[in-house]
Structure formats: C-alpha cells, structure tokens
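Q: Could you work out the structure for the sequence below:
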Amino acid sequence: MKTLFEWAVGLFVLFCFFAGFFDLDETPKQKRVREQAEWYAAEEDRRNIEADATYYAEQNRHDHHHV
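A: Below you'll find the model as predicted:
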C-alpha cells in the first residue's frame, strides 16, 4: 500500500509542478478554479489515506488476536 501512496504523492507533486509551470498565461479566474481543483484533489487524497490507515489498523489488530 505504501507504494500506491508514494505514487499518489509523486503524481500530485508532478501535477503541481506542471500547473505552476504553465501558470504564466492563466487569468486570475482560471488560476482560482485550478487552485480550488488542486485543493479538492489533495483533500480527497488525504481522506483516502486516512481511510486506508484506519482499515489497516483494524486489520492489524485482528491479525494480532490470531497470534
């Protein structure tokens, strides 16, 4: 699961880099819309990561009971 998280972070960083790089000919409105979309994407990633962490914590707790 860690590699999937690393991929998500890597892709997000790349996306931010390209978005920043091509920022030059954006209008302020486009910039605001894009920044809001990026924020929502980051928020979604954070929620998914929290859900994964909760799920794996549950799984690990169950696994330890069997040992």
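Q: just how off-centre is the helix or strand of the chain with the lowest mean pLDDT within its chain?
A: Least confident element among the helices and strands of the chain, by mean pLDDT, DSSP states H and E: helix 2-21 (a mean of 80). On the basis of Cα atoms, centre = their mean, to the nearest Å, helix 2-21 is displaced by 8 Å from the centre of the chain it belongs to.
Q: following it, which helix or strand shows up next?
A: The helix or strand immediately downstream of helix 2-21 is helix 28-66, counting by DSSP states H and E.
Q: Which strands or helices does the least confident helix or strand of the chain pack on?
A: Applying 3 or more Cβ pairs under 8 Å, 6 or more residues apart in numbering; DSSP states H and E, one finds that helix 2-21 contacts helix 28-66. Every C-beta, even on glycine, is put in place using the N, C-alpha and C of the backbone.
Q: pLDDT averaged over the helix it packs on - what is it?
A: Taken as a whole, helix 28-66 has a mean pLDDT of 84.
Q: still on that earlier bit, can you list the neighbours in contact with the least confident helix or strand of the chain?
A: Contacting residues not belonging to helix 2-21 are listed as 34, 38, 41-42, 45, 48-49, 52 [Cβ atoms under 8 Å, 6 or more residues apart in numbering].
Q: Residue nearest the middle of the chain, spatially speaking?
A: Centroid-nearest residue in the chain, with Cα atoms, centre = their mean: Asp45, separated by 3.0 Å.
Q: Need the nearest residue in space to that one, chain neighbours excluded.
A: Once flanking residues are discounted, Asp45 sits nearest to Ala8: 5.7 Å by Cβ to Cβ, 6 or more residues apart in numbering.
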